[in-house]
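Undergrad: The sequence isn't on hand, but the structure is:
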């Protein structure tokens, strides 16, 4: 199955530097339509007004965390099928289990490398 | 009061009280204290050896607490609350700001290299991209260090609040600015120290176990 690299990708992180890094790494693997949000509330608003083929979100943000964003997305009939990758420094077992139970598509722990990001994207978009 | 009790000077207590009453019709605090001491002194005779020892220990404990209170009251707690902790958190905030600025500059340079890669041979372009990819990966340190510093600042605030509370309790005066300890947030632990949490392969295995 071919991945549609023209799809809109939403990246969510409260660190502008991380948004810039992830955007550049996505660009290197030919995802050029990238939107940014700095917390869950902004991300959810963007998801409700635009179509995104993939969400890549941090966990630790205020006022809405990445986990809360994921729960909102999975509870929304129109958004619930959206592939959702968590990229976070939260690496405790309880965090991974909570994310999985909330319906995360994949989970990347920071610091991560470009190969891991590419691999997880391919997996959640059905090519891995 | 039992007959025959002796005052601190060896005189029968009742007699001493009568004399005092005759000599000083209006009660004076120092004389009342004298009487109380006399009463306590007479009580000692009624106590067992264990009770006397216990009383001695309680008195010693009281003196220790009084000394501790005096020493803590003499501490410059306002310096801790007003100067040391805010200064430490300001320094940490400055570290975050400086590393963020440096990282932004590095990223900007990488983006220039990525643009240049489109104008050179395929082989050189690939070499440039490989290099910038490594730099992008390395720059994510700024996020991790930022989160670690945020945890340190939160810990400093807790220490600040606890010190202020202890000193306020013992010194009998309120610290100028008591900071409330932040409530812990569920499942927001931040970056873990090496060996204390899972790496990517552990997480992949855990996720696979759900399938």
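TA: Perfect, thanks for sending it. Since the model is a prediction, treat every value here as computed from it, not as a measurement. Numbers count the residues shown, from 1 in each chain, chains lettered A, B, ... in the order given.

Undergrad: Name whatever forms a beta bridge with the residue nearest the centre of chain A.
TA: The centroid of chain A falls nearest to residue A:56 when counting by Cα atoms, centre = their mean (1.3 Å). Beta-bridge partners for residue A:56, by DSSP bridges, are residue A:11, residue A:85.

Undergrad: For residue B:96, give me its contacts.
TA: Applying Cβ atoms under 8 Å, 6 or more residues apart in numbering or on different chains, we find residue B:96 in contact with B:145-146, B:149. Placement of C-beta: from N, CA and C, glycine included.

Undergrad: pLDDT weak spots in the chain?
TA: This is for chain A. Applying pLDDT under 70 to chain A flags the ranges A:1, A:127-128.

Undergrad: Oops, wrong one, chain B.
TA: B:1-10, B:25-31, B:39-40, B:43-46, B:76-78, B:170-186.

Undergrad: Is any residue of the strand or helix carrying residue A:20 near chain B?
TA: Element membership for residue A:20, per DSSP states H and E: helix A:16-28. Yes. Judged by Cβ under 8 Å from any Cβ of the partner chain, helix A:16-28 and chain B are in contact via A:16-18, A:20-21, A:24-25, A:27-28.

Undergrad: Turn those into JSON lines, columns for neighbour count.
TA: Output for the residues of helix A:16-28 next to chain B, formatted as JSON lines (neighbours: other Cβ atoms under 10 Å in any protein chain shown):
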{"residue": "A:16", "neighbour count": "15"}
{"residue": "A:17", "neighbour count": "21"}
{"residue": "A:18", "neighbour count": "22"}
{"residue": "A:20", "neighbour count": "21"}
{"residue": "A:21", "neighbour count": "27"}
{"residue": "A:24", "neighbour count": "20"}
{"residue": "A:25", "neighbour count": "23"}
{"residue": "A:27", "neighbour count": "14"}
{"residue": "A:28", "neighbour count": "18"}
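
Undergrad: Pick the one among those closest to residue A:116.
TA: residue A:25 (10.2 Å; Cβ to Cβ).

Undergrad: Hmm, residue A:117 and that closest one touching each other?
TA: Yes. Using Cβ atoms under 8 Å, residue A:25 is in contact with residue A:117, at 5.7 Å.

Undergrad: which residue sits closest to the residue most central in space within chain B, ignoring its sequence neighbours?
TA: With distances taken as Cα atoms, centre = their mean, residue B:159 lies nearest the centre of chain B, 2.6 Å away. Leaving aside its sequence neighbours, residue B:159 sits nearest to residue B:85 (Cβ to Cβ, 6 or more residues apart in numbering or on different chains; 7.4 Å).

Undergrad: swap in residue B:35?
TA: residue B:17 (6.8 Å).

Undergrad: The one you found: how many residues sit nearby?
TA: Counted by other Cβ atoms under 10 Å in any protein chain shown, the residues lying close to residue B:17 total 15.

Undergrad: Quick check: it vs residue B:33, distance?
TA: Shown here: residue B:17 relative to residue B:33, a distance of 14 Å by Cβ to Cβ, to the nearest Å.

Undergrad: contacts for stretch A:65-77?
TA: Contacts for stretch A:65-77 (Cβ under 8 Å, 6+ apart): A:12, A:40, A:43-44, A:47-48, A:55, A:57-60, A:64, A:79-80, A:82, A:84, A:86, A:88, A:98-99, A:102-104, B:187-188.

Undergrad: and the longest helix for chain B?
TA: Taking DSSP state H as the criterion, chain B has its longest helix at helix B:85-117.

Undergrad: How far off centre is the following helix or strand past that one?
TA: Of the helices and strands lying after helix B:85-117 in sequence (DSSP H and E), the nearest is helix B:122-139. Put simply, helix B:122-139 sits 46 Å off its chain's centre (Cα atoms, centre = their mean, to the nearest Å).

Undergrad: what comes into contact with helix B:122-139?
TA: A:17, A:21, A:24-25, A:28, A:111-114, B:103, B:106-107, B:110, B:113-114, B:116-118, B:120.

Undergrad: same for the strand or helix carrying residue A:36, what does it pack against?
TA: Per DSSP H and E, residue A:36 falls inside strand A:34-37. Judged by 3 or more Cβ pairs under 8 Å, 6 or more residues apart in numbering or on different chains; DSSP states H and E, the packing partners of strand A:34-37 are strand A:9-12, helix A:16-28, helix A:40-49.

Undergrad: Next, format those as JSON lines and append distance to residue A:34.
TA: Shown next, in JSON lines, are the helices and strands packed on strand A:34-37 (distance: least, Cβ to Cβ, whole Å):
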{"stretch": "strand A:9-12", "distance to residue A:34": "5"}
{"stretch": "helix A:16-28", "distance to residue A:34": "5"}
{"stretch": "helix A:40-49", "distance to residue A:34": "12"}
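
Undergrad: which stretch among these comes nearest residue B:51?
TA: Shortest distance between residue B:51 and the helices and strands packed on strand A:34-37, using Cβ to Cβ, is found for helix A:40-49: 65.5 Å.
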